[in-house]
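# the sequence isn't on hand, but the structure is:
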């Protein structure tokens, strides 16, 4: 049975409150005592992947979740196997972790509306290790998703 718009808004209300507070979403989730905050974020990303941006949320809200989840995922990759420790590969631009991060976030922030790669971004953030066991490969895949120019064309339609 498909969820109604009201059920969706209610389901993601805690996330909306934390986005509105403009803080670190994952730290806020931990501080609130919500033991399932990461699960809520993953459910939110899965919803977007399948249905688009939920009613009551703007592209700015979604972008805040993307940035928080991107930070969480990339820090784990970097802690496990720093990009600097990987061998130099021919025909591939070799950037530091911080250079990759800055370039990707700059590209993500230039969108006034959600990129048409919205679903792929959600997939990468929800299941980063499904296809990429190294952080540099994940970062290159993510970068491809945010260097597009086409958007979904429904800028900030929060209701």
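Received the coordinates, thanks. Predicted model, so just to flag it, every value in this text is computed and none were measured.

# where's the residue most central in space within the chain, which helix or strand?
Central residue of the chain (CA atoms, centre = their mean): residue 66, 2.4 Å from the mean position. Using DSSP states H and E, the element containing residue 66 is helix 59-80.

# show me what that helix is packed up against.
Other helices and strands packing on helix 59-80, by 3 or more CB pairs under 8 Å, 6 or more residues apart in numbering; DSSP states H and E, are helix 13-20, helix 25-31, helix 37-51, helix 97-109, helix 118-126, helix 135-146. All C-beta spots, glycine's among them, are computed from the backbone N, C-alpha and C.

# mind running it again at 6 Å?
Under the contact definition 3 or more CB pairs under 6 Å, 6 or more residues apart in numbering; DSSP states H and E, helix 59-80 sits against helix 25-31.

# hang on, the earlier thing: how near is the residue nearest to the centre of the chain to residue 36?
Separation of residue 66 from residue 36 (CB to CB, to the nearest Å) stands at 20 Å.

# point out where the protein drops to low pLDDT.
Confidence mapping of the chain against pLDDT under 70 gives the ranges 1-7, 22-24, 26-35, 154-159.

# switch to 90 and redo it
For the chain, residues meeting the criterion pLDDT under 90 lie at 1-40, 55-56, 78, 80-100, 134-137, 140, 150-159.

# any idea which residue of it is furthest from its center?
Farthest-from-centroid check, the chain (CA atoms, centre = their mean): residue 90, 28.8 Å.

# where does that residue sit, in terms of helix or strand?
Using DSSP H and E, residue 90 falls outside every helix and strand.

# OK, contacts around it?
Shown in contact with residue 90 (CB atoms under 6 Å, 6 or more residues apart in numbering): no residues.

# now it: phi and psi?
phi -70, psi 150 (degrees, to the nearest 10).

# gap between it and residue 131?
In terms of CB to CB, residue 90 sits 22 Å off from residue 131.
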